[in-house]
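K.L.:
need a structure here:
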Amino acid sequence: MIKEHDHKLLAGLDAIDWERLHHAYGSAHDVPDRLRLVCGDDEDARKNAWLDLFNTIFHQGSRYTSSAAAVPFFARIAIAGPAHARPTALTMLTRLAIDWHDQYSLPAGIDTATWRAAAAEHTPEKMAAWYQEQLYTETDPDRRRSYEEARDWCLEGATPDDAASTLPSYDAVRAELSGLCPLLDDPDPDIRVRTAYLLAWFPEEGTRTVPEILAQLDRESHAQATATMLVAAGLVGDRSLVPHVRPYLAAPEPLVRWGAATALARLLTTGSRPGAGNEEIVTLVIEELTQAITTPPTVSHMPEAVFNDGDLGGYAARALAPLAAHAPRPVLPMIMDALSANSAIAAKAVTAALQNALPDEGLPGTPLFTDLGESTQHILRCVAARGPWDEYQTPVESCLRAGGLPDTRPSLHAYVQLRDPHLPS
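P.N.:
Prediction:
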């Protein structure tokens, strides 16, 4: 069990009414014992306790009323707990905050405004009222029982909506960031990497966390920590960081150059297109990301804190897509090859490339293909030849339509003067 001198880590644990909180399998009454075990000396008990916690308060990415309640204890363990527990506590905090967002929110990062707006529509109070409304007219006994159970569950602070049920855990972790930021300077590089990775998902805290990330960058010597801090700063910072990040494009370590290029690609394109005067740095970023797609940098440590589930070549492809219109040679086919395993992500990349290649507003009529820039022509030829078409939630067609261009496969083939292989000769 937990050592006597570590009791302060879990101070207040028994003051919480865990019986009334929920996890994936009902009452969260067993969470306190699991938290005690992860700080203890018995290695097998620790492993089982961590596994139980991942499977209950973070079951397949879902979060529950007990999830946010456990966050302060994980934060204390990460800051001052036993050495064996600190890295896993940071990983737990990251997952409780963002689930697996790094697999589908890159390269722009977390959109908290949209998340909060969605959550506000399905709070426990609103959902409880909705279930109560159904009870006013429902006469079937089984459905009434189901509505009553759901209403009571919501009255206890739960909600079936993903956005609303996960936001409390995210905000609970956000509230702990001021205490976690000093871990960027921890003697253990594992802790520094995991802390930087966690900070990458809190854009609302960027004005406070970015200065601390930059201060540590100036003295950081560990390649993965440096790369992670660069990407984190890029995800939560703004274009004013470009001069600070740019020198890392000349670093001797490929992983650090990848981190710098990934950060710069996001800083130069999120919310706007690369501004005039950035041509040289855009070219350098394109070169580095292109190299990272063909020869991804390797990471041998801390797989739990690697962006894009460790697929750095795929992340490079996603980061490069918005810059494809500025590339001196066609890069969209390379991007699509790198992302071919996931058609939805490939469609997002193609859409990003189109959005940056086409005018901000559709011109009257369809512009002549020969009047478009060479890079835009390359992108449209690739889209005509390879799509992706009819991809759910990432409609390439609507992007073409907004630019005043043909928005079907046959018509775009004719527009770019390619024969459609799906049509008879």
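
K.L.:
which residues does Arg208 contact?
P.N.:
Counting by Cβ atoms under 8 Å, 6 or more residues apart in numbering, Arg208 makes contact with 177-178, 181. To be clear about C-beta, it is placed using only N, CA and C from the backbone, and glycine gets the same treatment.

K.L.:
pull out the buried members of those residues.
P.N.:
In those, burial by neighbour count holds for 177, 181, counting by 16 or more other Cβ atoms under 10 Å.

K.L.:
quick one: which of the contacts of Arg208 is nearest Ala45?
P.N.:
Each of the contacts of Arg208 was scored against Ala45 by Cβ to Cβ, and Leu177 proved nearest at 30.0 Å.

K.L.:
burial of the closest residue in space to that closest one that isn't next to it in sequence, as a residue count?
P.N.:
If you skip the residues right next to it in sequence, Leu177 has Glu205 as its closest partner in space, 5.6 Å away by Cβ to Cβ, 6 or more residues apart in numbering. Burial measure for Glu205: 16 neighbouring residues, criterion other Cβ atoms under 10 Å.

K.L.:
look up how far Ser343 lies from Glu205.
P.N.:
Using Cβ to Cβ, to the nearest Å, one obtains 34 Å as the distance from Glu205 to Ser343.

K.L.:
likewise Arg219?
P.N.:
Arg219 sits 43 Å away from Ser343, going by Cβ to Cβ.

K.L.:
which one's more surrounded, the two?
P.N.:
A side-by-side neighbour count of Arg219 and Ser343, using other Cβ under 10 Å, places Ser343 first with 15 against 7.

K.L.:
quick one: contacts for the more buried one?
P.N.:
Neighbouring residues of Ser343 by Cβ under 8 Å, 6+ apart: 388, 391.

K.L.:
report pLDDT for it.
P.N.:
Ser343 is assigned a pLDDT of 85 by the prediction.

K.L.:
where's it relative to Ile286, distance?
P.N.:
Distance of Ser343 to Ile286, given as Cβ to Cβ: 24 Å.

K.L.:
next: Ala319.
P.N.:
Applying Cβ to Cβ, the value for Ala319 to Ile286 is 10 Å.

K.L.:
now swap in Gly40 and tell me
P.N.:
Relative to Ile286, Gly40 is positioned 51 Å away (criterion: Cβ to Cβ).

K.L.:
just Ser67 next, same as before
P.N.:
Distance from Ser67 to Ile286, counting by Cβ to Cβ: 41 Å.

K.L.:
one step back: which of Ala319 and Ile286 has more residues huddled nearby?
P.N.:
Ala319 (31 against 20).

K.L.:
Pro330 against Cys382, yeah?
P.N.:
Yes. Taking Cβ atoms under 8 Å as the definition, Pro330 is a contact partner of Cys382 at 6.7 Å.

K.L.:
so these two - more neighbours on which side?
P.N.:
Neighbours were counted for Pro330 and for Cys382 using other Cβ under 10 Å; Cys382 has more, 21 against 16.

K.L.:
sorry, back to before: can you tell me which of the contacts of Arg208 are in helices?
P.N.:
When these are checked against helices (DSSP state H), the matches are 177-178.

K.L.:
need the contacts of Arg208 in JSON lines (columns: pLDDT).
P.N.:
Converted to JSON lines, those look like this (pLDDT from 0 to 100):
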{"residue": "Leu177", "pLDDT": "98"}
{"residue": "Ser178", "pLDDT": "97"}
{"residue": "Cys181", "pLDDT": "97"}
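
K.L.:
so which of the contacts of Arg208 would you say is closest to Trp201?
P.N.:
Leu177 (10.4 Å).

K.L.:
who's in contact with the closest one?
P.N.:
Residues touching Leu177, when contacts are defined by Cβ under 8 Å, 6+ apart, comprise 199, 202, 205, 208-209.

K.L.:
pLDDT weak spots in the chain?
P.N.:
Judged by pLDDT under 70, the chain has its weakly predicted residues at 1-6, 101-103, 276, 302-304, 360-364, 393-394, 418-425.

K.L.:
show me the strands in it, by range?
P.N.:
If you assign secondary structure with DSSP state E, the strands in the chain sit at 22-23, 26-27.

K.L.:
now render these as CSV, adding mean neighbour count and distance to Ala357.
P.N.:
Shown next, in CSV, are the strands of the chain (neighbours: other Cβ atoms under 10 Å; distance: least, Cβ to Cβ, whole Å):
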stretch, mean neighbour count, distance to Ala357
strand 22-23, 22, 47
strand 26-27, 12, 52
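
K.L.:
same list (the ones you listed) but as JSON lines, adding distance to Gly237.
P.N.:
Formatted as JSON lines, those follow (distance: least, Cβ to Cβ, whole Å):
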{"stretch": "strand 22-23", "distance to Gly237": "35"}
{"stretch": "strand 26-27", "distance to Gly237": "42"}
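
K.L.:
so which of those strands is nearest Gly403?
P.N.:
Judged by Cβ to Cβ, the one of those that comes nearest to Gly403 is strand 22-23, at 48.1 Å.

K.L.:
on contacts alone, who are the packing partners of that closest one?
P.N.:
Packing contacts for strand 22-23, counted by 3 or more Cβ pairs under 8 Å, 6 or more residues apart in numbering; DSSP states H and E, involve helix 65-80.

K.L.:
nothing else from me, thank you.
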